[in-house]
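A.B. asks: Sharing a model prediction with you, sequence too.
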Amino acid sequence: MKPILYVAGGLVAVLLFFSSFYTLSETEQSIMTQFGEPVGGAVSVPGLHFKVPFIQDVHRFEKRWLEYEGDPNQIPTKDKKYIWVETYARWRIVDPLKFYQNVHDERGAQSRLDDIIDGQTRNAVASFDLIELVRSTNRAFQVTEELQGIGAAEAMAKVLTGREAITRQVLEKAAKVTSQYGIELEDLRLLRVNYVEDVQRKVFERMISERKRIAERSRSEGQGKAAEIRGQKERDVLAASSAGYRSAQEIKGAADAKATAIYARAYGKDPELYQFLKSLETLQAGVDEKTWAILSTDSELLRYLRQSGGK
């Protein structure tokens, strides 16, 4: 019986020994509770630490920066534009004891950050016009033709505060509240700003209508330019045809004049031969083997035929 008691006592002693110590890594910090109540202060030094076994519990927390990304919220701006706003932030636990007493764990912290950051963001968005939430400076930019049709005046409005300054205001106000929970809020950004579905659809319809108007105008200008090019082509073709016809007539006239001069010179050398040849050409053109001809006795053609021996 005694050996069994010794073995059991040894096991209990070993268990108590190992339950009396815990370790922390470089990325952890902790607090200790006894019967659910915090005892002692926060422990942030990595290494081996002592606790009362079975009575005290260790609660570990991250020392590194944590990420917060809020859900999109529908918020009206000062100029009554309904938009979706989504926020992003970086935070960390700087007071584990206060953090545990107020939010208990990271899930509770995320829920509390939702309330704080969303509330401050809603107040800020409702206090400024949409252009202030979109632009940060009054840097000049080129106004395109498309922008002129879908709100150039609104886009060119002067920015008095700007997006960066608004996010800093939200960060400062939210950080004052989160510090009460042992949380340090380091950075906050408006991750996404967009119109709600109804407004977004109307904006897209305006953009589509404007693009169609510009496309139709470009198409009309193209058709006008095409008609101008076709007209110019027809004028060029007509001018080229006229020039070619004139040149052909000039060449033909010169050839006719030259032929006439040749005929005249030939006629001048032997008029009778010329007249005989012309008569033959006439006869060849107007008479075939089935043609009957009635000629007068004083016909030149009959005279030439008699001289050639015809009957």
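C.D. replies: Perfect, thanks for sending it.
A.B. asks: Tell me if I'm right that Thr77 and Ala126 touch.
C.D. replies: Yes - counting by CB atoms under 8 Å, Thr77 does reach Ala126; the two are 6.8 Å apart. For every residue, glycine as well, the C-beta is placed using N, CA and C.
A.B. asks: Compare the two (neighbour count), which wins?
C.D. replies: Neighbours per residue (other CB atoms under 10 Å) separate Thr77 from Ala126, with Thr77 holding more: 19 against 11.
A.B. asks: would Ile75 count as being in a strand?
C.D. replies: Yes - counting by DSSP: H, G, I helix; E, B strand; the rest coil, Ile75 is located in a strand.
A.B. asks: Walking through this structure, point out its strands one by one.
C.D. replies: Listed from the start of the chain, the chain has strands (DSSP state E) covering 21-24, 28-34, 37-43, 47-50, 56-62, 66-69, 73-76, 82-93, 183-195.
A.B. asks: Take those and lay them out in a markdown table including mean neighbour count and distance to Ile4.
C.D. replies: Shown next, in a markdown table, are the strands of the chain (neighbours: other CB atoms under 10 Å; distance: least, CB to CB, whole Å):
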| stretch | mean neighbour count | distance to Ile4 |
| --- | --- | --- |
| strand 21-24 | 14 | 28 |
| strand 28-34 | 18 | 33 |
| strand 37-43 | 14 | 36 |
| strand 47-50 | 10 | 30 |
| strand 56-62 | 16 | 30 |
| strand 66-69 | 14 | 51 |
| strand 73-76 | 15 | 66 |
| strand 82-93 | 19 | 48 |
| strand 183-195 | 16 | 53 |
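A.B. asks: possible to save the ones you listed as TSV with distance to Ser220 and mean pLDDT?
C.D. replies: Output for the strands of the chain, formatted as TSV (distance: least, CB to CB, whole Å; pLDDT from 0 to 100):
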stretch	distance to Ser220	mean pLDDT
strand 21-24	76	86
strand 28-34	71	91
strand 37-43	75	85
strand 47-50	80	86
strand 56-62	65	89
strand 66-69	49	94
strand 73-76	41	89
strand 82-93	37	93
strand 183-195	32	90
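A.B. asks: so which of the ones you listed gets nearest Met207?
C.D. replies: Nearest of these to Met207, taken as CB to CB: strand 183-195 at 11.8 Å.
A.B. asks: I'd like to check the angle between that closest one and strand 82-93, please.
C.D. replies: Strand 183-195 runs at 160 degrees relative to strand 82-93, counting by axes from the mean of the first three to the mean of the last three CA atoms, to 10 degrees.
A.B. asks: list the helices and strands strand 183-195 packs on?
C.D. replies: Identification of packing neighbours for strand 183-195 by 3 or more CB pairs under 8 Å, 6 or more residues apart in numbering; DSSP states H and E yields strand 82-93, helix 106-125, helix 130-134, helix 163-178.
A.B. asks: Adjacent strands (with direction) for the first one?
C.D. replies: Strand 82-93 pairs in its sheet with strand 66-69 (antiparallel), strand 73-76 (antiparallel), strand 183-195 (antiparallel), by DSSP bridges.
A.B. asks: can you list those in a markdown table and add distance to Ala248?
C.D. replies: Listed next are the strands paired with strand 82-93 as a markdown table, based on distance: least, CB to CB, whole Å:
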| stretch | distance to Ala248 |
| --- | --- |
| strand 66-69 | 85 |
| strand 73-76 | 82 |
| strand 183-195 | 72 |
